[in-house]
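1. what's the 3D shape of this:
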Amino acid sequence: MTYTTGPRNLITDVAGLRVGHAQDAVLKSGSTVLVGDVPFTASVHVMGGGPGTRETDLLAPDRTVQQVDALVLSGGSAFGLDACSGVADGLRDQGRGFNVGTVTVPIVPGAIVFDLINGGDKTWNVNPYPALGRAALDAAAEEFALGSVGGGTGAMAARHKGGLGSASVVLPDGHTVGALVIVNSLGSVTTPGDRHFWAAPFEMDAEFGGHGPDPSGGYTAPDASLKEQAMGLHAAKGANTTIAIVATDAPLTKTQCHRLAVNAHDGMARAIVPSHTPLDGDLVFGVSTSVAQPLDAAGYAPVGAAAATCLSRAIARAVYEATPEPSDLIPTYRSLTS
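-> A predicted model of the protein is given here:
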C-alpha cells in the first residue's frame, strides 16, 4: 500500500483544524492551541506518572460532554494550565461553547510540560499564561512553525533541546491522520551517538534528516542524560513530560477517540527511550473531526496504527527542528550532528 504525507505534513492536514502558537523569548516558554472550525470529538489517555491537566476527566468515554472547542498544550507547569483560561475567554468572545441554559461555556481541556528551570526568566508578577493562550488562539492557522515555538519553546529531551513537532499521513482509503506534540522527555529521542532517531524506521521524505535507522542496534538504553547533567539530577527528575494530540477526519466515536490515544502511545514508546516513566506526565489526546457514521472495528484498525507511527515522526521532527538560543542549557540536535 502507498502512504504519503498530507500537503503540509502537519496535523492541520486534517481538514477543519488550526494551530496557533504564542511564546516569550525571555520567559523561554509558551503555549499552543489546537482549535476546530466547529467542535470536535475528543478523549485522552494518560500513561505517565506525573501528568498536569485541566478538564481531562470530562474526556472519559462515559462522560456527558462529547465534543470540545479546543485543546491546549502549554509550557509553564501548573501555571501553564491558565493558558486554557485565555483560550476559553477568546472562544467565549467568538460565541463558541457548550450551551447551558442562557450561558455558553467553551470546553478547553489542556495539558502542560515542566519548563520552569530551563534558563528563562520566570520571575513574573502576573501569570503570563492566560495572555499566551489568548494570543495562541488569535494566531491559529493551517500553517504553523515547528521546533522552538509555542508550548515547545523551552522544552528539553534527555540529550537535546526539545520542541514542538507535527506530522501527517494520508491512508489508502483517503482518511488523514495527524499528530502534534511537545517533547520534554526524561528519555532520549536518539540512539547512542546522537545521530539516529529511534523513530527512523517510520520517517517519510527525510523529514528529520534522512539518516535512517541506527545500523548498530542491540541497544537497551540511551546515552547519559545531558538534561540531568545541566539541571542537576534532582531537578531534572521532576521536569519531564511529553504531551500530544492525534487527530483524524475518519469518523470515530468518543470511545474510539480514547482508543486512538491509547494506540498513539505506542508511537511515543517507539520514539522516546525510556517513555511513560513515573517521572514523566506522558499523555495523548485523541480527536475526530467527523460526525459521520463511525467506523467499525476493522475499519478503525488502520487509523489507530497510523496514529502511532505519525506520533513517532512528530516527536523526531520536534527535536530536529529545534533552534538554539543563548540561554539554552543543552544543545540542539543539529548542533551535535552538523
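
2. where does the prediction get shaky in the stretch 101-250 of the chain?
-> 234-236 (pLDDT under 70).

3. again, only using 80
-> 233-238 (pLDDT under 80).

4. now the helices: where do they sit in it?
-> In the stretch 101-250 of the chain, helices defined by DSSP state H, counting those that start in this stretch lie at 129-138, 226-231, 233-237, listed in chain order.

5. of those, flag the one that's most buried.
-> Comparing the helices of the stretch 101-250 of the chain by mean neighbour count (mean count of other Cβ atoms under 10 Å), helix 129-138 comes out on top with a mean of 25. Backbone N, C-alpha and C define where each C-beta goes, glycine included.

6. now it, how far from the centre of its chain.
-> 17 Å (Cα atoms, centre = their mean, to the nearest Å).

7. can you show me the CA trace of it as PDB?
-> Output of helix 129-138 as PDB, limited to C-alpha atoms (Å, rounded to 0.1, in the frame of the first residue of the first chain):
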ATOM      1  CA  TYR A 129       0.000  32.100  30.500                       C
ATOM      2  CA  PRO A 130      -3.700  33.400  30.100                       C
ATOM      3  CA  ALA A 131      -2.400  36.000  27.700                       C
ATOM      4  CA  LEU A 132      -0.200  33.500  25.900                       C
ATOM      5  CA  GLY A 133      -3.200  31.200  25.500                       C
ATOM      6  CA  ARG A 134      -5.300  34.000  24.100                       C
ATOM      7  CA  ALA A 135      -2.600  35.100  21.700                       C
ATOM      8  CA  ALA A 136      -2.100  31.500  20.500                       C
ATOM      9  CA  LEU A 137      -5.800  31.300  19.700                       C
ATOM     10  CA  ASP A 138      -5.700  34.600  17.800                       C
END
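
8. pull the residues that contact it.
-> In this structure, residues lying in contact with helix 129-138 by Cβ atoms under 8 Å, 6 or more residues apart in numbering are 20-24, 29-33, 35, 70, 72, 74, 76, 79-87, 89-91, 150.

9. for the closest residue to residue 120 other than its chain neighbours, give me its contacts.
-> Closest residue to residue 120 apart from its sequence neighbours, by Cβ to Cβ, 6 or more residues apart in numbering: residue 28 at 2.5 Å. For residue 28, the contacting residues are 115, 118, 119, 120, 121, 153, 154, 325, 327, by Cβ under 8 Å, 6+ apart.

10. nearest the middle, which residue of the chain would you pick?
-> What sits nearest the mean C-alpha location of the chain, by Cα atoms, centre = their mean, is residue 181, with 1.9 Å.

11. ok, that residue touching residue 311?
-> Yes. Residue 181 sits in contact with residue 311 when judged by Cβ atoms under 8 Å, with a separation of 6.3 Å.

12. could you tell me which residues touch both of the two?
-> Joint contacts of residue 181 and residue 311 (Cβ under 8 Å, 6+ apart) are residue 244.

13. ends of stretch 237-257, how far apart?
-> 31 Å (Cα to Cα, to the nearest Å).

14. what residues of it count as buried?
-> 237, 239-254, 256-257 (16 or more other Cβ atoms under 10 Å).

15. so which of the residues you listed are in strands?
-> Here DSSP state E is the test, and the buried residues of stretch 237-257 give 241, 242, 243, 244, 245, 246, 247, 248 as lying in strands.
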